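Peer 1: Provided below are the primary sequence and the corresponding predicted coordinates.
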Amino acid sequence: MKIESHRDLLVWQKAMDLAVETYKLTSNFPPSETYRLVSQITRAVASVPANIAEGSGRATRRDYANFLAIARGSLRGTETLLILAIRLKYLGQEQAQHTLNLLTEVSKMLTSLRSRLAE
């Protein structure tokens with residue numbers, strides 16, 4: 001399959017799935033967290049596919065790799081905030097496990113794509 005757009009990238013598609021799942025997870029957080037933890041989590045997770053898309057539109061492989069690194073950083077931030085939510089008992093470990101697994105999968109895909117760009 002020929003890649004014509006960032007939308008054709010499996011890593012972007014999985015990152016979008018991760019964003020949707022994360023938004024669903026945070027929808028039941030306490031109202032007091034709307035402008036605190038929920039806001040931080042949703043901004044971090046939304047920036048993952050956004051940075052993948054932005055990087056794919058850049059002129060050089062180096063620029064693209066830099067945006068993938070930023071996406072990976074946002075992914076790590078998302079993971080940390082989800083673990084915080086588990087510790088605060090806003091989420092159960094079992095409830096969050098699918099999302100955390102998807103997060104790990106996206107992280108591996110980003111690492112692989114970034115390595116290929118460095119070749």
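Peer 2: All right, it came through fine. Residues are numbered from 1 along each chain as shown.
Peer 1: how about low-confidence regions in this protein?
Peer 2: Across the chain, the ranges flagged by pLDDT under 70 are 1-2.
Peer 1: Could you pull out the helices in the protein for me?
Peer 2: Assigned by DSSP state H, the chain shows helices spanning 10-26, 37-56, 61-87, 93-118.
Peer 1: right, so the ones you listed: which one is the most enclosed?
Peer 2: Of these, the one with the most neighbours on average (mean count of other CB atoms under 10 Å) is helix 37-56, at a mean of 21. Quick note: C-beta positions are derived from backbone N, CA and C, even for glycine.
Peer 1: which secondary structure elements does it contact?
Peer 2: On a contact count with 3 or more CB pairs under 8 Å, 6 or more residues apart in numbering; DSSP states H and E, helix 37-56 meets helix 10-26, helix 61-87.
Peer 1: redo that, cut-off 10 Å
Peer 2: Contacts defined by 3 or more CB pairs under 10 Å, 6 or more residues apart in numbering; DSSP states H and E place helix 37-56 against helix 10-26, helix 61-87, helix 93-118.
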